[in-house]
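> compute the structure for the input listed below.
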Amino acid sequence: MTAEDAHTLLKAIYNDVSLPLYARLDAARIAIRHETPTIAASKPLGGPGTDLAKQLEEGRKRAEEFYRRVREEKQRRIGENAQAMEDNDE
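Sure, this is the predicted structure:
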């Protein structure tokens, strides 16, 4: 039985109103782990001991540096291509 088949079975159990409530609740409790992400799965941005404004500013600086490098690399490649075209014309 695959994980998908097992999840399909659990969904069928918790949706079947003819089954006892305890069986449906058990199936729902097990299935929910595969249907919704846990809170711990995401990295917290704020909270005690963190400065959200500082984190955002650092992220903005990293993005600016990244895009500066991308622009430099693009200009370098344009220069190389222009030089190669000049060499081909000679």
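> what about the nearest residue to residue 28 once chain neighbours are set aside, which SS state?
If you skip the residues right next to it in sequence, residue 28 has residue 14 as its closest partner in space, 4.1 Å away by C-beta to C-beta, 6 or more residues apart in numbering. Just so you know, the C-beta spots here come from the backbone N, C-alpha and C atoms, and that holds for glycine as well. On the three-state scheme (DSSP: H, G, I helix; E, B strand; the rest coil), residue 14 is labelled helix.
> who are the neighbours in contact with residue 14?
24, 25, 27, 28, 31 (C-beta atoms under 8 Å, 6 or more residues apart in numbering).
> what helices or strands is the helix or strand where the third one lies leaning on?
Residue 27 is part of helix 21-35 when elements are defined by DSSP states H and E. With contacts defined as 3 or more C-beta pairs under 8 Å, 6 or more residues apart in numbering; DSSP states H and E, the secondary structure elements packing on helix 21-35 are helix 3-15.
> where are the low-confidence patches of the chain?
1, 3, 39-49, 90 (pLDDT under 70).
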